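J.: Prediction below, plus the sequence it came from.
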Amino acid sequence: MPIRLHDSMTRSVRELKPAHDDGVFRFYNCGPTVYAPAHIGNFRTFVVNDVIRRLLELEFGPGKVKHVRNLTDVDDKTIKRARDAGRPLADVTRQWTAKFHADCLALNCLRPHVEPTATDHIREQVDMIDVLLCKRHAYRTPDGSVYFRVSSFQEYGELSHLQERELRLGSALAGKPQPADADEKEDGSDFALWKAWKPEDGDVKWPGPDSAAAGRPGWHIECSAMSKKHLGDNIDLHTGGEDLLFPHHENEIAQSECCNGVTFANHWYHSKHLLVDGKKMSKSLGNLYTLDDLTAKGFSPMAVRYALLAGHPSKQLNFTLDSLHAAESALETLRKYKAELMFNLGKDAAGFAAVQQALHDDLNTPAALGALFSIVNRGAKNVDPNSFEAAMWALGFDLAKTNAPKSEAPAGVIALAAKRWAAKQAKDFTAADALRRELTAAGWSMLDRKDGYSLEPLKH
Ligand code: AMP
Ligand code: ZN
């Protein structure tokens, strides 16, 4: 059954197909910026992408999908967070990467095959910038930064339909203050490929491209470079949340296509954002939720996953706590149904095909859930349990994880703490200190008492 998915470039629903002779489907999903815990809006995007990954594996086979999702571990936000905390950048990003992984695991997201970090790919980014400089798609400014020359790429704006956008934005932007780097650039729409070091960057700097200053890469070039390294010059699908379409993805296309000379991505998919109680999430409105905020209220991560998939990914999703109550009870129904299926062991596998069909039809998750419950509500008689399990796998519902909502430390952290306690009892303080550092990096602090210890998440 072909997978059909909306393509932001052509603004139409198109079939997903691997373009390369090896039959491997090349899938790049822009990953998180690791400077704080990801919020449930971020997780809407990652859970939706997890369902895409699952569908691709069902369609092309597990060995025929290569899924890459990067970690943005150097940018303004990560640097500021490290500076404010007086901690090394790598320490801060390691901590939030560990938390991101723990949350992804709790939400039952499959791990990408490659999870490259920006700081591990400085060489690759510098190499691309050198090519762009050589081809005159980029230029150096007096301070030693490098900018992409937007006017050198005719197709700039194709993804975001820039001309329409400019008409809409033009008047809105008139008279607004210009960005700090405005007078360095040849043109206002040019964007940074390489940022020369500034005192507020502290010790964060690397040798730059040819005759540029030491500094750090711009955000957009990291995805171009990591995608090129791990998936090649032409990829089958590139995804992210709707806010990434412009300028991030538009800039990625410009950099990659000018450097490599071929089409960057054959298909673009942008899922829409999550709102809370009808509003954009923000700390100041007090409506920003992390996964821990919700588990602390007694909800299970699987219910969060369910609620995140309850709306169509091509529409904004209004998240409410009521939707989590509904999700918990839906999961409870599924668990009871599963138990009944095991008791019946029927043979009819046809019903659940409708679930997959809905997912293959532009990722229609609400229709898939509708199809699921219309079968479940008919009862478990004669139904093949394997077909039910296949539907659960496609949606990523691990029913064993439904129970016992907890805001406890993840298993890996509990194991580290036990090891450290044993080391301390054995008076091996070097090992105990090393294990404490590992716990800190994972975002947990261990409070020792005479008779035992407790674990607490580090405050952010
Ligand atoms: P960031 O860590 O800010 O780079 O974001 C990681 C991913 O989350 C990106 O794909 C964003 O588009 C996505 N994202 C950010 N805010 C939201 C939101 N409110 N709802 C859904 N996705 C979001
Ligand atoms: Zn990206």
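T.: Received, thanks. Ligands and ions are numbered 1, 2, ... in the order given.
J.: For the residue of the stretch 201-350 of the chain found nearest ligand 1, give me its contacts.
T.: Taking C-beta to the nearest ligand atom, ligand 1 has its nearest neighbour within the stretch 201-350 of the chain at Gly241, 2.1 Å off. C-beta: built from backbone N, CA, C; applies to glycine. Residues counted as contacts of Gly241 (C-beta atoms under 8 Å, 6 or more residues apart in numbering) are Gly41, Asn42, Arg44, Thr45, His270, Ser271, Lys272, His273.
J.: Near the last one, how many other residues are there?
T.: His273: 17 surrounding residues under other C-beta atoms under 10 Å.
J.: Going forward, count from 106.
T.: Yes, from this point I'll number from 106; that puts the last item at His378.
J.: mind checking pLDDT for His242?
T.: Reported pLDDT at His242 in the predicted model: 98.
J.: same question, Lys555
T.: pLDDT, read off for Lys555, is 65.
J.: What of Ile519?
T.: Per-residue confidence for Ile519 comes out at a pLDDT of 80.
J.: Near it, how many other residues are there?
T.: 13.
J.: now swap in Ala531 and tell me
T.: With other C-beta under 10 Å as criterion, Ala531 counts 10.
J.: Could you do Phe253 as well?
T.: Counted with other C-beta under 10 Å, Phe253 comes out at 26.
J.: Check whether His242 really touches Ser361, as I assumed.
T.: No - under the criterion of C-beta atoms under 8 Å, His242 makes no contact with Ser361, lying 11.0 Å away.
J.: right, is stretch 216-224 up against ligand 1?
T.: No - when contact is scored as C-beta under 6 Å from any ligand atom, no part of stretch 216-224 falls within range of ligand 1; the minimum is 11.5 Å.
J.: quick one: stretch 321-335 near ligand 1?
T.: No - contact between stretch 321-335 and ligand 1, assessed by C-beta under 6 Å from any ligand atom, is absent, since the two come no nearer than 8.7 Å.
J.: Show the average pLDDT along that stretch.
T.: 98.
J.: Please list the residues outside stretch 531-546 that contact it.
T.: Defining contact as C-beta under 8 Å, 6+ apart, one finds that stretch 531-546 is touched by 196, 199-200, 203, 518, 521-522, 524-525, 528-529, 550-551, 560, 563.
J.: What about the residue of the stretch 106-255 of the chain found nearest ligand 2, how many residues nearby?
T.: Of all residues in the stretch 106-255 of the chain, Cys135 sits closest to ligand 2, with a separation of 3.2 Å (C-beta to the ion). When counting by other C-beta under 10 Å, one arrives at 24 neighbours for Cys135.
J.: Just say helix, strand or coil for the closest residue to it other than its chain neighbours.
T.: Counting by C-beta to C-beta, 6 or more residues apart in numbering, Cys135 lies nearest to Gly345, which is 4.0 Å off, once chain neighbours are set aside. Of the three states, Gly345 takes strand under DSSP: H, G, I helix; E, B strand; the rest coil.
J.: Count the residues that sit near Gly345.
T.: Counted with other C-beta under 10 Å, the burial measure for Gly345 works out to 23 neighbours.
J.: hey, C-alpha coordinates of the helix or strand Ala539 falls within in PDB?
T.: Taking DSSP states H and E as the definition, one finds Ala539 inside helix 534-546. Written as PDB, here are the backbone C-alpha positions of helix 534-546 (Å, rounded to 0.1, in the frame of the first residue of the first chain):
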ATOM      1  CA  PHE A 534      35.400   7.500  46.000                       C
ATOM      2  CA  THR A 535      37.000   8.000  42.600                       C
ATOM      3  CA  ALA A 536      34.500   5.700  41.000                       C
ATOM      4  CA  ALA A 537      31.700   7.300  43.100                       C
ATOM      5  CA  ASP A 538      32.600  10.800  41.900                       C
ATOM      6  CA  ALA A 539      32.800   9.700  38.300                       C
ATOM      7  CA  LEU A 540      29.300   8.100  38.600                       C
ATOM      8  CA  ARG A 541      28.000  11.300  40.100                       C
ATOM      9  CA  ARG A 542      29.300  13.200  37.100                       C
ATOM     10  CA  GLU A 543      27.400  10.800  34.800                       C
ATOM     11  CA  LEU A 544      24.300  11.300  36.800                       C
ATOM     12  CA  THR A 545      24.700  15.100  36.500                       C
ATOM     13  CA  ALA A 546      25.200  14.800  32.800                       C
END
